[in-house]
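**Student:** Need coordinates for the below:
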Amino acid sequence: MNPAVDTGTLPPTSDDRAIWDCWLSQFRLPVVSVADEAGTFAALAATAMTTDALAQQLGVDARALGIHLSLLAATGFVERRDGRWRATAETRRWLHPEGQGYCGPAIHSYRRSNPLHAQLLATLRTGDRAEGHVSAADEWERGEMSPDMAQHITAYMNAHSRAAALAVAPQPLFADVRSLLDVGGGSAIFSIELARAWPALSATVMEIAPVCVEADRYIAQAGIGGRVKTRALNMFTQSWPTGHDMLFFSNIFHDWSDATCQRLSDAAFGALPSGGRIVLHEMLMDDDQCGPWQTAAFSLLMLLGTRGRQYSLPEFKAMLERSGFTDIAAARTGGGYYSLVSARKP
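**Tutor:** Numbering: from 1, shown residues only. Below is the predicted model:
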């Protein structure tokens, strides 16, 4: 076999930005076609408006509209100043339905051919998840999931977290950690890589029982002995284990509403000892909610399939401080588009 194409010989990398760019690019055109149909561009060409005022005028859900507007801003079609959104000059020229340069007829043909348009339009109008979009949010909340769904969801999470886990593992933030609770840890990919990077670290993956069955398979394949194990538990209805000096959450907070995320933050604070740390691994929105486009597109994916969105650092900071955490900081992992947000329990 030609070693140039033998993927088994290629060294692992934590830079998977090209894959994310390809995956998330699917939302660039449909978010524009939905804005065109909903009247977003026409409304914002006339006057600058807050998200709530625009939502009321268009008759759509304000939370969903905010997520749409973030991606439209990140791609240059709207801008935000002093909390008000307005169409950019390019949008007023090419996307205003009464403009001579209006390219709507070309966009309209896309509406009929791509299911994402219909799904995004439905979520914009209702604020609910897209009908038919695969999601396990309800199953996680109930603590019940079919074996087939658990296998599918765990493989999915493992695939999109491979590079991210390699970037997270060597971070000095974990140097002194001895016992880590990986909350909603899926396939255990982060716990496995952290255990490989830090020989003194042991990790417990807290998941619902069907996912633990799948995670145990990944742990066995990793061959790292007994330093990574699973704990079957519903994080919404059961008491969390104590005695861990760090609680780690990767791609968890972005699945849930603001109120539910606050509950998770409060539960983490209660489970940690004094001096313990919480760490959130997420793609962060810019402080003004106008990008970056990859994170804004990921937030749109969350709107389609979960109850959540991507958060900014100030939003996480406010949430963690309400729980009682201090020393809140964030740093890019150096791989992909992810950051680690950490905080300490006094």
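**Student:** List the buried residues in the lengthiest helix in the chain.
**Tutor:** Looking across the chain with DSSP state H, the single longest helix is helix 147-168. By neighbour count on 16 or more other Cβ atoms under 10 Å, the buried set for helix 147-168 is 150-151, 153-154, 157-158, 160-168. Placement of C-beta: from N, CA and C, glycine included.
**Student:** where does the stretch 1-150 of the chain dip in pLDDT?
**Tutor:** 1-12, 130-136 (pLDDT under 70).
**Student:** how about 90 then?
**Tutor:** For the stretch 1-150 of the chain, the stretches with pLDDT under 90 are 1-15, 99-100, 106-115, 128-147, 149-150.
**Student:** where do the helices sit along it?
**Tutor:** 17-24, 28-38, 40-46, 51-58, 62-74, 89-94, 104-113, 115-126, 137-142, 147-168 (DSSP state H, counting those that start in this stretch).
**Student:** Who are the packing partners of the third one?
**Tutor:** Read it as helix 40-46. helix 51-58, helix 62-74, strand 78-81, strand 84-87, helix 89-94 (3 or more Cβ pairs under 8 Å, 6 or more residues apart in numbering; DSSP states H and E).
**Student:** ditto for the second one
**Tutor:** In terms of contact count using 3+ Cβ pairs under 8 Å, 6+ apart, helix 28-38 is assigned the packing partners helix 62-74, helix 104-113, helix 115-126.
**Student:** from these, which stretch is densest packed?
**Tutor:** Compared across those, helix 62-74 shows the largest average neighbour count, a mean of 24 (mean count of other Cβ atoms under 10 Å).
**Student:** For it, give me every contacting residue.
**Tutor:** 27, 31-32, 34-35, 40, 51-52, 54-56, 58, 78-80, 85, 120, 123-124, 126-127, 285, 289-293, 296-297, 299-300, 302-303, 309 (Cβ atoms under 8 Å, 6 or more residues apart in numbering).
**Student:** Please apply the same query to stretch 221-241.
**Tutor:** Against stretch 221-241 from outside (Cβ under 8 Å, 6+ apart): 140-143, 181, 183-184, 188, 191-192, 195-196, 201-209, 212, 215-216, 219, 263-264, 267-268, 270-271.
**Student:** Just the buried subset of those, please.
**Tutor:** Of the contacts of stretch 221-241, these count as buried by 16+ other Cβ under 10 Å: 140-141, 143, 181, 183-184, 188, 191-192, 195-196, 201-208, 212, 215-216, 219, 264, 267-268, 271.
**Student:** These in strands, which ones?
**Tutor:** Cross-referencing the buried ones among the contacts of stretch 221-241 against strands under DSSP state E gives 181, 183, 202-207.
**Student:** what residues go with each domain of the chain?
**Tutor:** Using automatic domain parsing, the domain parsing of the chain gives 17-126, 137-344.
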